[in-house]
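Asks: sequence and predicted structure below; questions after.
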Amino acid sequence: MIKELPVNVACGEAVDFTSYEAKFKALSDQKRLQIMYELTQKGSVCVCDLVEIVDMSQSKLSYHLKILLDAGLIARETKGTWSYYELNHAEVNRLLSPELCCLFRKAEERPNDCCS
């Protein structure tokens, strides 16, 4: 399986498909999408509150949060004994941006500002 192309012709940089694979696997689960949606709506949320919001045991929630953290889609801040989670808007916006679309367009179909 190809994990990396030598050069992304759109941006002139190497493409790491491994990181995209982790991000899209993280996005491919309904519960993780629900977690991300709740973080979008509520901002920074304590894990103790998130358990109730998504109606999930803390162990299952921790499993999903780790996948989202490892993919860089959420961020964690520890305050005392509690962890607070929030959406990594920059990373989510990057995934949904034209940058990724440019990887899968023919050169003649790319907009001039692709990957800017």
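Replies: The structure has been received and is ready for your questions.
Asks: only C-alpha atoms from now on, for both contacts and neighbour counts.
Replies: Will do.
Asks: tell me where the protein has helices.
Replies: Using DSSP state H, the helices assigned to the chain run over residues 17-27, 30-42, 47-53, 58-70, 89-95, 98-103.
Asks: of those, which is nearest residue 77?
Replies: Nearest of the helices of the chain to residue 77, taken as C-alpha to C-alpha: helix 47-53 at 10.5 Å.
Asks: give the contact list for the residue nearest the centre of the chain.
Replies: When C-alpha atoms, centre = their mean is applied to the chain, the residue found nearest the centroid is residue 73 (2.9 Å). By C-alpha atoms under 8 Å, 6 or more residues apart in numbering, the residues touching residue 73 are 23, 87-89, 91-92.
Asks: swap the cut-off to 7 Å and go again
Replies: Counting by C-alpha atoms under 7 Å, 6 or more residues apart in numbering, residue 73 touches 87-88, 91-92.
Asks: out of the helices of the chain, flag the one nearest residue 82.
Replies: Comparison of those against residue 82 by C-alpha to C-alpha identifies helix 47-53 as nearest, at 7.0 Å.
Asks: show me how far the closest one is from its chain's centre.
Replies: Remark: helix 47-53 is offset 20 Å from the chain centroid, using C-alpha atoms, centre = their mean, to the nearest Å.
Asks: what's that helix packed up against?
Replies: Packed against helix 47-53 by the contact rule (3 or more C-alpha pairs under 7 Å, 6 or more residues apart in numbering; DSSP states H and E) you find strand 82-87.
Asks: okay, buried residues for the strand it packs on please.
Replies: 84-87 (16 or more other C-alpha atoms under 10 Å).
Asks: pLDDT weak spots in the protein?
Replies: 1-13, 98-116 (pLDDT under 70).
Asks: give me the buried positions along stretch 78-97.
Replies: Going by 16+ other C-alpha under 10 Å, stretch 78-97 has these buried residues: 84-88, 95.
Asks: which of these lies closest to residue 33?
Replies: Closest to residue 33, out of all of those and judged by C-alpha to C-alpha, is residue 87, at 11.0 Å.
Asks: setting the sequence-adjacent residues aside, check what's closest to the closest one.
Replies: Leaving aside its sequence neighbours, residue 87 sits nearest to residue 74 (C-alpha to C-alpha, 6 or more residues apart in numbering; 4.3 Å).
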